[in-house]
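A.B. asks: I'll drop the sequence and a predicted model, then ask my questions.
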Amino acid sequence: MAKKKSKKKRKQQKKRVLCLVSVVLVAVVGAGGVLLYKKMTEKTREDIIKEYMGYIEKKEYEKMYALLDEASKDKVKQEDFITRNQNIYEGIEAEKIQLDIPEEQDKDQPLSYRVTMDTLAGEITYDADTFFEKEKGQWHLVWDDSVIFPGLESKDKVSVSSVEAKRGSIYDRNDVLLAGQGEVESVGLVPGKMNIQAEEDIEDLAEILGTTSEFIETQLDASWVQQDSFVPLKKMTQEQLDEAYVPKEGAESSGGSIQDKLLEYPGVLISKAESRVYPYGECTAHLLGYVQQINAEELEEMKGKGYNEQSVIGKSGLEKLYEDRLREKKGYRISILDEQGEEKQALAVKPAEDGENIKLNIDIRWQQKLYEAYQEDKSCSVVMNPKSGEVLALVSTPSYNSMDFVLGMSQETWDALNNDPNKPMYNRVRETWAPGSSFKPIVGAMGLTTGAFTEDEDLGASGLAWQKDESWGNYKVTTLHEYSGGAVLKNALIYSDNIYFAKAALKIGAETFTGELDKMGFNQEIPFDIGMTSSQYSNSEAIDSEVQLADSGYGQGQMLVNPLHLACMYSAFFNEGNMITPYLEYEEGKTASYWAEGVFTPEAANIIYEDLKEVVSNPNGTGYAASKAVGVTLAGKTGTAEIKATQEDENGTELGWFAVYNTGVADSDTILMLNMVEDVKGRGGSGYVVNKDVEIWNQMQ
């Protein structure tokens, strides 16, 4: 029994020993784990400098300061550290900061590394050596100003200077300035010369300038303003200053100009200032557009492209279309300056770049004459050389003045533009319109090309009203003129016979008709710098009925055509059936190219070209008035499109068209002009346009 107990006791002792060994082993492993954990979490000098530099782009300057050693913190307060670093890094717009740290560096020596960063003046790269101290088992950065840039001392400054550049200009084909840098008049106040009690003067000036008293007072209260400062209030053109002053209702008029009235007030000064200018005002507004200061949405959209809150950007027209080419790029120089303001070192230099100058095919003489002739109408005009594709004029009326947007527009002017029923902001040349009879030459050439009829084929005289059969119900095609001789193509063009072309469309057939129009670019993007609305022959994808097809034959139905596209279709009559590609930018020696080849046979194109001479030269022709042009022989086709809800509608309006060209001249002098005017009903229809165009041709000879 004693032996048994003794054996049991030994087992218990052995078990306690094993447990004790286990506890000791756990303790040892635990201690090793602590050591291992400490080793794993201890940051290296490389880790610290990476962390420090990473905070710069995040603008977390407090966290940067926390990585400094105590001696450095004693030398520079956190507030001063943050201000210094923030001003420098954000001032140069530092981003994409990268570190290159060589391996296996001696810990008793400063850490060497290379820094590369992007700035507004381009890339900056420098080599640095930074000391580190170990405090409480962790590395801390020994900081002075040279950590920002080597060679930078505490009293030095990092300077960012800008070099201005100029926005590119836009010229016409003869190097006439259409848009560019110029001078305007700046109206402002010199505080020291104003009346002591100036409240009433400020109210009057605000009314004259179309601004508010609060705005003027804010400008005068700016921190930089001294008694002898010139405080600008508004930029104006001399033409605006020369306009007669019209006082508010109830006030007496002095009969003078706006400039005269402004100069009556003590302290008012008018001086020269630089501005984007548009010398031809309204006649080029829809074409060129205008520039204005960038807004917050645009700034976000253009992020990374060098724009800032003060940038001017193209808002519409060619100014917007060519923005990437016209825009100037400021130059910048980032330097270290000593206490005396002398440059110690240039860190980065980005040269200024002027915007590109752009030369157009536009001939300002045509542009101006068209605008002057049609400025009181709702109209659009295209002038092009149909042999080369050069677009010489694009005019939409009524118009607005680009300078109103550049110089700042009053709410009154803005409201007047937007509420004007004639829509002066609406660019009609980019839209589509019912072409009416101006489309008949296209249908004639199509029929000849497809073999649907011949030029001498008589489609039958049908009086002034016709329908194919009783299936059309009460609907009839009507025309204005009866004529002797056969209902053949030439006569149909001379007399503008709707019935002939309705029959012609039916002979061609809907499938062939739409197929041929597709070849001519219908329902397609027009290959031109300025976006144009695509032409259509139907509101759906097809012509759905005989009536619609018949109406389409004389440019009605659901036919809508862009004016530039129609001019391109007419160009096929000059180019053996090939449609020219229109182009806007001037290019010396450019070879003509075709948008669509073989849309008509050469024979068909020539027949229409010759027949359109008769439309003008024949006394019975709808364009006969154009034969009175002096010094030029013209040919072309008129068109009157009815815009009404039903055939019986007597309250509808009419569009007047005239596509006209000169004959017997060299290819380089060939001009095709196409005009559309709204609301010509009761004003002579297309005859109103013909008479206007004769005046223009006479002035251009």
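C.D. replies: That came in fine, so what should we check first?
A.B. asks: Contact partners for the closest residue to residue 265 other than its chain neighbours?
C.D. replies: Distances taken as Cβ to Cβ, 6 or more residues apart in numbering put residue 201 closest to residue 265, at 5.1 Å, once the chain neighbours are dropped. Quick note: C-beta positions are derived from backbone N, CA and C, even for glycine. Contact analysis of residue 201 by Cβ atoms under 8 Å, 6 or more residues apart in numbering lists 194-195, 265-267.
A.B. asks: residues making contact with stretch 405-422?
C.D. replies: By Cβ under 8 Å, 6+ apart, stretch 405-422 touches 184, 210-211, 234-237, 275-278, 290-292, 315, 378, 398, 400, 404, 424-425.
A.B. asks: Pull out the buried members of the residues you listed.
C.D. replies: Buried by 16 or more other Cβ atoms under 10 Å: 184, 211, 234-237, 275-278, 290-292, 315, 378, 398, 400, 404, 424, out of the contacts of stretch 405-422.
A.B. asks: returning to what we had before: which of the contacts of residue 201 fall within helices?
C.D. replies: Members of the contacts of residue 201 lying in helices (criterion: DSSP state H): none.
A.B. asks: would you list those residues in CSV and tack on distance to residue 120?
C.D. replies: Below are those laid out as CSV (distance: Cβ to Cβ, whole Å):
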residue, distance to residue 120
194, 40
195, 45
265, 42
266, 43
267, 39
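A.B. asks: Need the buried ones from the residues you listed selected in ChimeraX.
C.D. replies: The buried subset of the contacts of residue 201, as determined by 16+ other Cβ under 10 Å, is captured in ChimeraX by this line:
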select :194,265,267
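A.B. asks: next one: phi and psi at residue 138?
C.D. replies: phi -130, psi 150 (degrees, to the nearest 10).
A.B. asks: quick one, what contacts it?
C.D. replies: By Cβ under 8 Å, 6+ apart, the contact set of residue 138 is 42-43.
A.B. asks: redo that, cut-off 10 Å
C.D. replies: 41-43, 48, 67, 69, 132 (Cβ atoms under 10 Å, 6 or more residues apart in numbering).
A.B. asks: If I look at it, what pLDDT would I see?
C.D. replies: Per-residue pLDDT puts residue 138 at 95.
A.B. asks: for the chain, which strand is longest?
C.D. replies: strand 177-189 (DSSP state E).
A.B. asks: Alpha carbons only: can I get that strand in CSV?
C.D. replies: C-alpha atoms of strand 177-189 as CSV (Å, rounded to 0.1, in the frame of the first residue of the first chain):
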residue,chain,number,x,y,z
LEU,A,177,-9.2,90.1,-87.9
LEU,A,178,-12.5,88.6,-86.8
ALA,A,179,-11.7,87.9,-83.2
GLY,A,180,-8.6,88.8,-81.2
GLN,A,181,-7.0,90.9,-78.5
GLY,A,182,-7.8,94.6,-78.7
GLU,A,183,-8.6,97.6,-76.6
VAL,A,184,-11.9,98.8,-75.0
GLU,A,185,-12.8,101.6,-72.7
SER,A,186,-12.7,101.0,-68.9
VAL,A,187,-15.1,103.1,-66.9
GLY,A,188,-14.0,103.6,-63.3
LEU,A,189,-13.8,105.9,-60.3
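A.B. asks: where along the stretch 501-650 of the chain do the helices fall?
C.D. replies: Under the criterion DSSP state H, counting those that start in this stretch, the stretch 501-650 of the chain contains helices at 510-519, 546-552, 563-571, 602-617.
A.B. asks: Which secondary structure elements does the shortest one sit against?
C.D. replies: Of the remaining helices and strands, those touching helix 546-552 by 3 or more Cβ pairs under 10 Å, 6 or more residues apart in numbering; DSSP states H and E are strand 477-478, helix 498-508, helix 510-519.
A.B. asks: related to what we said a few turns ago, tell me the mean pLDDT over the longest strand of the chain?
C.D. replies: 95.
A.B. asks: Would you list the strands that it pairs with, along with their directions?
C.D. replies: The pairing partners recorded for strand 177-189 under DSSP bridges are strand 170-171 (antiparallel), strand 231-236 (antiparallel), strand 268-277 (antiparallel).
A.B. asks: Could you confirm residue 99 falls within a strand?
C.D. replies: Yes. Counting by DSSP: H, G, I helix; E, B strand; the rest coil, residue 99 is found in a strand.
A.B. asks: Got the confidence number for it?
C.D. replies: Listed pLDDT for residue 99 reads 97.
A.B. asks: Out of the helices of the stretch 501-650 of the chain, which is the most enclosed?
C.D. replies: Among these, the stretch with the highest mean neighbour count (mean count of other Cβ atoms under 10 Å) is helix 563-571, at a mean of 26.
A.B. asks: angle of that helix against helix 602-617?
C.D. replies: Interaxial angle, helix 563-571 versus helix 602-617 (axes from the mean of the first three to the mean of the last three Cα atoms, to 10 degrees): 110 degrees.
A.B. asks: Skipping adjacent residues, who's closest to residue 61 in space?
C.D. replies: Leaving aside its chain neighbours, residue 61 sits nearest to residue 82 (4.2 Å; criterion: Cβ to Cβ, 6+ apart).
A.B. asks: So the one you found: helix, strand or coil?
C.D. replies: Once three-state DSSP is applied, residue 82 turns out helix.
A.B. asks: can I see the domain layout of this structure?
C.D. replies: With automatic domain parsing as the criterion, the domains of the chain are listed as 1-31, 45-154, 170-358, 366-410+429-700.
A.B. asks: export the ones you listed to JSON lines and tack on distance to residue 163?
C.D. replies: JSON lines is the format used below for the domains of the chain (distance: least, Cβ to Cβ, whole Å):
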{"stretch": "domain 1-31", "distance to residue 163": "66"}
{"stretch": "domain 45-154", "distance to residue 163": "10"}
{"stretch": "domain 170-358", "distance to residue 163": "3"}
{"stretch": "domain 366-410+429-700", "distance to residue 163": "23"}
